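Engineer: got a sequence here, can you model it:
(2 chains)
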Amino acid sequence: MRAILKSPAKARNRPRRKHRRHLVSRYDPSASESDWQSAWETADCFKALGLDCGKPKYYVLEMFPYPSGRIHMGHVRNYAMGDVIARFKMAQGYNVLHPMGWDAFGMPAENAAIEKGTHPATWTYENIDAMRAQLKSLGLSFDWSREFATCDPSYYRHEQAMFLDFLEAGLVDRRESIVNWDPVDHTVLANEQVIDGKGWRSGAVVEQRALTQWFLKISDFSDELLGALDGLTRWPEKVRLMQANWIGRSEGLACKFELAEPVGEFSNIQIYTTRPDTLYGASFCALSPDHPLTLKLAVTDTELDDFRAMCAARGTSESDIEGGEKLGYDTGLFVRHPLDPDWLLPVYVANFVLMGYGTGAIFACPAHDQRDLDFARKYDLPVRPVVRPANADSKFDIADTAYTGDGIMFNSGDFNGLSPAAAREQIIAQFVEQGRGTRQVNFRLRDWGISRQRYWGCPIPVIHCPNCGAVPVPRADLPVILPEDVSFSTPGNPLDRHATWKHTACPKCGGEAVRETDTFDTFVDSSWYYARFTGLDPDAPTDRAATDYWMSVDQYIGGIEHAILHLLYARFYARAMHRTGHLGTDEPFAGLFTQGMVCHETYRDADGNWLLPEQVERREDGAFLKDTPDQRVEIGGIEKMSKSKKNVVDPDDIIATYGADTARWFMLSDSPPERDVQWTQEGVDGAWRFVQRVWRLINTHAENLTNIKTVHVHPDEMPAPTLELYRTVHRSIHEVTRDLEALSFNRAVARIYNLANELSGFSPTDDAERAILKSGLLTLVQLFAPMMPHLAESCWHALGADGLVATADWPQADASALVEDSVTLPVQINGKRRAEIIVPKSADRATIEEIARAEPKVEKFLDGKSIKKCVVVPGRIVNFVV
RNA sequence: GCCCUCGUGGCGGAAUUGGUAGACGCGACGGAUUCAAAAUCCGUUUCUUUCAACGGAGUGUCGGUUCGAGUCCGACCGAGGGCACCA
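Structural biologist: Numbers count the residues shown, from 1 in each chain, chains lettered A, B, ... in the order given. Just a heads-up that it's a prediction; the model follows:
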């Protein structure tokens, strides 16, 4: 776009006119930013202090990146926010831990290996080097001494050791489960990698396959993970709600329906329901296609076996597309209704009953459950309502919509007239008392399957022996290191084909055995990195003294897209680590902030091809191709920056053109941080202008101020104009501090603009005024220093201040300057503002009313009317009701 | 379908516990400077009544509570996000 054309870099090089009064040269970020970065490095000022430093601790962490090779604007926004907090807290006197590392295992490295023939490790470490350099050019206050990549054996060896601890603690399970299997790539796919029932990479139809997998028993913690959400008061309500829904607690009744005729060892069907109140509306029972009884029947019933196969083939996402058509198979069996043994209900196998939830079998009440109703209508089964709305009579009937609202029980024997809630309670109590059922709590949350048929992940430290079963690798043999000599020329997992790595001796019996060739889900790596950052103990996953000091993370920042998986896994992992002695806390993140995305307009040419912003020229009459200016460009919606739509801006280009500070400032201004921000040329230009304006402001005064001493003068002794400025400065300190505490960066930015405006309008005439101006300018610099740290150092230096702003103490607001002696109050007549009065701050109600009545405009409005009431809120408002 | 969030100028957004709506920025317009431009500086900018006002209207729509509502309550409309056969 035009920014790149009329870049400030070019403007800067233009010869300047000679007769400017204040000849202040432009601020040149490219010249100074790297110098200040070196100065910080030399001073080593961002290294966390020891545990015994005596300062309170503050742990700020941004979600670490996947080393894709280049940072994007989303990273800039995320890390700029974290950096502001880190620098702000450091200035406030905290011992700050602000580390950075790499979430370095994962599929893109293998894809690169397949496409380019580069080894995943080479590709990954090259990317890390490139991205580290980019992050450093942003001037972020990371303690780089703690950097690690999760693909370093020095990291994943501890992950393996902890897995063995979890194994011993009973937190790990190995069992068969149904997975999405890509028959071409020979690998398991995650649900989100299956698109329209096909593998996202190979395009092959995904199969449902039963595989033996490793699981972490996160469901053991369901209740706790749910309950503890209430204590996470510094998390967004939205994230807590999403997690609560995901965990999905429900209360209900578990009971048995006796089979009219037993089938082998099956004499009854165990069901779970949250609506026992609708038992009298029962119409049929339904089994999951994977229910043990279904499997038993399918052995002899080939038609049922075909039905099962069809359900499996419909797979994961196809049901979504079909709109979830209900399909069933009549087994011909009957069960007895638990409240009336003579009442027989048919038993179906139904595709919408999941084996993984409850007991895999249900009783269906079509009148009050939409799925059951759809099924009943399709297979012509009875629909008997038992709950009617309070205003309906006993003829209440169901058409095509199940009634799920509250109301009054009817058609329900002894329970008629009760509310559904009361009926629910009574029926459960009755079943429990008679020993025919139990009150049961169920969760939607399943155990976490962590096996991946992948090379570029942490090897699972287990050896499979034909005689001894799954044997943990002895701790002395850790880490199990990934072999480097692997080939990606054929599909599937190279570990599975690696003869010398795979085949080994059983640690128990010494016989021939094979290694587990699956690797961990990469979410495992990111589930404990926050703890590792607190202390890099070479011999243990965590340094307990360090974790006890630093944990929990005081402020965690990242994208909302991790609201469930990563954040739930990490919360589980912290508990598992607590139980196995690696951590003293249960909650990893005391404070969570989820920032919005960075968006940009989209552009397409006449053929519909996406265009990069830099290929497009915006003019008054529309957008045109830069190379061929007569070609019109269609401007599309404002969407998240993505490579596929080409609506991206490269941080490197921005930094080269405008410097890191301008990019950071723009990312923090205007939009509230939790909301999406739109990257625009005008916005960057605005940020750039402010950088230059501040630089000019400082430098027009610098020469006259360097020798001025900023001695403290009591506000009472100041002349009016000086006092006004002094007040503005201290109000700014107060407000910016409050805004930064609340992570309201956009508001802090607005207040800084305001302060800069006020300072610009002040012309000192004597040394006393110069002293006030100087301290005001120094304050301004300190207030924006967390956001534009390089510019701040340059200004700090220009004003002749000592040391680095980065290590200076945060300014303190003079409380006495925040209180005004007099205050302007609006005067309303009947709620409409009619006038303003200036009253002493200390004035009481009566005095204020008197002053208000005396105000000419007020008199005019009150003239000839009777005052019914006068509301006076000191410091706020006066309102006459006439 | 269910759950959640949000609707404020031309735009991004401010507005403490209900108390002067539109801070700050962007854009636009006018002016200064300049041979001219860029850059910079000054001013105007919610809408509206032919100008103006210490005239009227105004925070998605309609209603309510209150001396007073962007803020609280109810209904509706619209946008965005999450979940989706969880019995």
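Engineer: which other helices and strands contact the longest strand seen in chain A?
Structural biologist: Longest strand in chain A, counting residues (DSSP state E): strand A:249-263. Using 3 or more CB pairs under 8 Å, 6 or more residues apart in numbering; DSSP states H and E as the contact test, the elements touching strand A:249-263 are helix A:222-227, strand A:266-273, helix A:292-300, strand A:328-337, strand A:340-350, helix A:420-433, strand A:437-443. C-beta: built from backbone N, CA, C; applies to glycine.
Engineer: just put the ones you listed in a markdown table and tack on mean pLDDT.
Structural biologist: Output for the helices and strands packed on strand A:249-263, formatted as a markdown table (pLDDT from 0 to 100):
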| stretch | mean pLDDT |
| --- | --- |
| helix A:222-227 | 93 |
| strand A:266-273 | 94 |
| helix A:292-300 | 93 |
| strand A:328-337 | 94 |
| strand A:340-350 | 94 |
| helix A:420-433 | 92 |
| strand A:437-443 | 91 |
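Engineer: nearest to RNA strand B, of those?
Structural biologist: The closest of these to RNA strand B is strand A:266-273. By CB to the nearest atom of the strand, the value is 3.6 Å.
Engineer: ok, residues contacting the helix or strand just after that closest one?
Structural biologist: Using DSSP states H and E, the next helix or strand after strand A:266-273 towards the C-terminus is strand A:284-287. Where contact means CB atoms under 8 Å, 6 or more residues apart in numbering, the residues beyond strand A:284-287 that reach it are A:257, A:269, A:271, A:293-294, A:328, A:331, A:335, A:345-350, A:352-353, A:360-364, A:375-376, A:381.
Engineer: one more time with 7 Å
Structural biologist: A:257, A:269, A:271, A:293-294, A:328, A:335, A:345-350, A:353, A:360-364, A:381 (CB atoms under 7 Å, 6 or more residues apart in numbering).
Engineer: filter these to the buried ones?
Structural biologist: A:257, A:269, A:271, A:293-294, A:328, A:335, A:345-350, A:353, A:360-364, A:381 (16 or more other CB atoms under 10 Å).
Engineer: quick check: A:Lys502 vs RNA strand B, distance?
Structural biologist: For A:Lys502, the distance to RNA strand B equals 35 Å [CB to the nearest atom of the strand, to the nearest Å].
Engineer: with A:Ser283 instead?
Structural biologist: For A:Ser283 relative to RNA strand B (CB to the nearest atom of the strand), the value is 12 Å.
Engineer: which ones are touching that residue?
Structural biologist: Per CB under 7 Å, 6+ apart, neighbours of A:Ser283: A:345, A:364-366, A:376, A:381-384.
Engineer: what's the closest of those residues to A:Pro719?
Structural biologist: Nearest to A:Pro719 among those is A:Cys365, at 82.5 Å by CB to CB.
Engineer: quick one: residues contacting the closest one.
Structural biologist: A:Cys365 makes contact with A:275, A:278, A:281-283, A:372, according to CB under 7 Å, 6+ apart.
Engineer: the residues you listed into JSON lines, with extra columns for pLDDT?
Structural biologist: Below are those laid out as JSON lines (pLDDT from 0 to 100):
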{"residue": "A:Arg275", "pLDDT": "92"}
{"residue": "A:Thr278", "pLDDT": "93"}
{"residue": "A:Gly281", "pLDDT": "93"}
{"residue": "A:Ala282", "pLDDT": "93"}
{"residue": "A:Ser283", "pLDDT": "93"}
{"residue": "A:Asp372", "pLDDT": "91"}
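Engineer: can you name the next helix or strand after the lengthiest helix in chain A?
Structural biologist: As assigned by DSSP state H, the longest helix anywhere in chain A is helix A:681-705. The first helix or strand that comes after helix A:681-705 along the chain, using DSSP H and E, is helix A:720-741.
Engineer: alpha carbons of that following helix, as PDB, please.
Structural biologist: What follows is helix A:720-741, C-alpha atoms only, in PDB (Å, rounded to 0.1, in the frame of the first residue of the first chain):
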ATOM      1  CA  ALA A 720      -1.900  29.000  38.800                       C
ATOM      2  CA  PRO A 721      -0.600  28.000  35.300                       C
ATOM      3  CA  THR A 722       2.100  25.900  36.900                       C
ATOM      4  CA  LEU A 723      -0.300  24.300  39.300                       C
ATOM      5  CA  GLU A 724      -2.600  23.400  36.400                       C
ATOM      6  CA  LEU A 725       0.200  21.600  34.600                       C
ATOM      7  CA  TYR A 726       1.400  19.900  37.800                       C
ATOM      8  CA  ARG A 727      -2.200  18.700  38.400                       C
ATOM      9  CA  THR A 728      -2.500  17.300  34.900                       C
ATOM     10  CA  VAL A 729       0.800  15.500  35.200                       C
ATOM     11  CA  HIS A 730      -0.200  13.800  38.500                       C
ATOM     12  CA  ARG A 731      -3.700  13.000  37.300                       C
ATOM     13  CA  SER A 732      -2.100  11.400  34.300                       C
ATOM     14  CA  ILE A 733       0.200   9.300  36.500                       C
ATOM     15  CA  HIS A 734      -2.800   8.200  38.500                       C
ATOM     16  CA  GLU A 735      -5.000   7.300  35.500                       C
ATOM     17  CA  VAL A 736      -2.300   5.600  33.400                       C
ATOM     18  CA  THR A 737      -1.300   3.500  36.400                       C
ATOM     19  CA  ARG A 738      -4.900   2.500  37.000                       C
ATOM     20  CA  ASP A 739      -5.400   1.700  33.300                       C
ATOM     21  CA  LEU A 740      -2.300  -0.400  33.100                       C
ATOM     22  CA  GLU A 741      -3.300  -2.300  36.200                       C
END
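Engineer: okay then, goodbye and thanks.
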